[in-house]
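J.: What shape does this take:
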Amino acid sequence: MAGSSVGSPAGGTGASAPGGTSTAVGPGGAAAGYRPSATLPFAAEFRRQASRRRTQLALGFMVLLPLIILIAFQFDSGDDDDNGRNEFGSLVELATSGGLNFALFSIFVSASFLLVVVVALFCGDTVASEARWGSLRYLLAVPVPRARLLTVKLLVALAYSALALLLLAGTALLAGTLRYGWEPLRSQVAAELAPTDGLLRLLAVLGYLAVVLLVVAGLAFLLSVTTDAALGAVGGAVLLWILSSILDQITALGALRDFLPTHYSTAWLGLLSTPVQTDDVVRGAISAVSYATLFWGLAFWRFTRKDVTS
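T.: Just a heads-up that it's a prediction; the model follows:
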């Protein structure tokens with residue numbers, strides 16, 4: 001009621017509101033009961049992103065792609081004079097020799113571009129789209145601390161990126177096993193592996209790819225906080241990744257290629273060899289984590305200091 005006093009928590013003071021009402025104020029001048037850690041919960045942001053059309057389409061395509069590849073294999077006419085004499089043709093032959101091989105083939109054809117685009121989409125669109133819609137400043141006015149907003153959005157984007165990778169591999173493994181059976185894993189660089197061992201190798205490949213794609217996630221996230229154009233953030237990350245891949249093919253650069261973020265992007269092939277080759281895998285993981293940490297650090301530094309007007 002008017003004129004009554006609301007008790008403030010320890011360390012707080014009673015602020016007088018218009019009309020004589022005393023409002024409780026917590027430490028630091030915040031309203032009583034306000035907890036920064038309770039703003040923008042992970043689950044709420046996860047559900048919010050799940051309702052977006054781009055999330056549904058991206059995840060749906062991860063499920064659809066292995067099925068498209070599986071259907072395409074059914075049109076094999078048996079004439080292999082064009083495809084059977086090259087490396088790709090050999091991979092196609094291996095892809096139809098079991099569910100594990102089919103899953104490995106699906107990952108192989110997706111890793112260099114499709115997965116890069118999907119990760120860039122989830123991480124590059126997350127902040128820039130809020131700025132484009134004009135809702136970013138309202139989120140900060142709730143108030144959601146800037147560092148927490150970025151942390152939650154980054155974690156949700158990474159969660160959806162990991163989910164996309166798992167959906168692709170899981171659907172390919174399930175569809176391939178139903179069509180071609182649960183057979184040993186075969187590759188051109190290793191002896192035949194029992195299904196259990198092959199599954200472990202496949203999981204290791206997925207883990208390494210997830211680490212490598214952190215570079216794309218970091219770059220896209222950095223661009224997302226520096227521009228209001230979501231398409232620019234996504235496209236910029238993909239184009240820079242492609243540029244790095246092109247430079248990595250130029251042998252004249254010598255040892256400089258070792259510092260390119262894409263130099264170890266195919267090191268996961270060493271996980272399929274007999275014995276397992278982990279030297280490049282370790283170097284690639286260190287490189288990816290270093291680049292991702294740098295990009296995320298710059299993103300937080302930039303966003304916590306910029307004027308948000310959109």
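J.: State the phi and psi torsions of residue 261.
T.: With angles defined as degrees, to the nearest 10, residue 261 sits at phi -60, psi -20.
J.: Was I right to think residue 176 contacts residue 73?
T.: No: under the criterion of C-beta atoms under 8 Å, residue 176 lies out of contact with residue 73, with a separation of 9.7 Å. Backbone N, C-alpha and C define where each C-beta goes, glycine included.
J.: Tell me the residues that contact both of those two, please.
T.: Taking C-beta atoms under 8 Å, 6 or more residues apart in numbering as the criterion, residue 176 and residue 73 both touch residue 95.
J.: who has more neighbours, these two?
T.: residue 176 (28 against 16; other C-beta atoms under 10 Å).
J.: and the more buried one, what element?
T.: Element membership for residue 176 (DSSP states H and E) is helix 146-180.
J.: So for that helix, what gets flagged as buried?
T.: Buried residues in helix 146-180, counting neighbours by 16 or more other C-beta atoms under 10 Å, are found at 146, 149-150, 152-154, 156-158, 160-161, 163-165, 167-173, 175-177, 180.
J.: Please apply the same query to stretch 293-310.
T.: Within stretch 293-310, the residues scored as buried using 16+ other C-beta under 10 Å are 295-296, 298-300, 303.
J.: what's the answer for stretch 268-278, then?
T.: 268-272.
J.: need those in TSV with distance to residue 225, secondary structure and pLDDT, can you?
T.: TSV is the format used below for the buried residues of stretch 268-278 (distance: C-beta to C-beta, whole Å; DSSP: H, G, I helix; E, B strand; the rest coil; pLDDT from 0 to 100):
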residue	distance to residue 225	secondary structure	pLDDT
268	30	helix	92
269	34	helix	87
270	35	helix	89
271	34	helix	90
272	37	helix	87
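J.: With respect to residue 279, which of those is nearest?
T.: residue 270 (7.5 Å; C-beta to C-beta).
J.: Next up, the contacts around that closest one.
T.: Applying C-beta under 8 Å, 6+ apart, the residues near residue 270 are 276-281.
J.: I'd like the distance between it and residue 127.
T.: Taking C-beta to C-beta, to the nearest Å as the measure, residue 270 falls 35 Å from residue 127.
J.: I'd like the secondary structure assignment at residue 192, please.
T.: strand (DSSP: H, G, I helix; E, B strand; the rest coil).
J.: picking up where we left off before, just the closest of the buried residues of stretch 293-310 to residue 238, please.
T.: residue 295 (14.5 Å).
J.: Any figure for the gap between that closest one and residue 98?
T.: 38 Å.
J.: cool, and residue 191?
T.: Distance from residue 191 to residue 98, by C-beta to C-beta: 15 Å.
J.: The two: who's more crowded?
T.: A side-by-side neighbour count of residue 191 and residue 98, using other C-beta under 10 Å, places residue 98 first with 22 against 11.
J.: could you list every residue that touches that one?
T.: Taking C-beta under 8 Å, 6+ apart, we find residue 98 in contact with 176-177, 180-186, 195.
J.: where along the stretch 151-300 of the chain do the strands fall?
T.: 185-187, 190-193 (DSSP state E, counting those that start in this stretch).
J.: Identify whichever of those strands lies nearest to residue 50.
T.: Residue 50 lies closest to strand 185-187 among the strands of the stretch 151-300 of the chain, at 33.5 Å (C-beta to C-beta).
J.: Give the rounded mean pLDDT of that closest one.
T.: Mean pLDDT, strand 185-187: 82.
J.: go on, stretch 295-310?
T.: Here the average pLDDT along stretch 295-310 is 81.
J.: What of stretch 193-210?
T.: Stretch 193-210 carries an average pLDDT of 94.
J.: mind listing what's buried in it?
T.: 193, 195, 198-199, 201-202, 204-206, 208-210.
J.: Sweet, I'm off.
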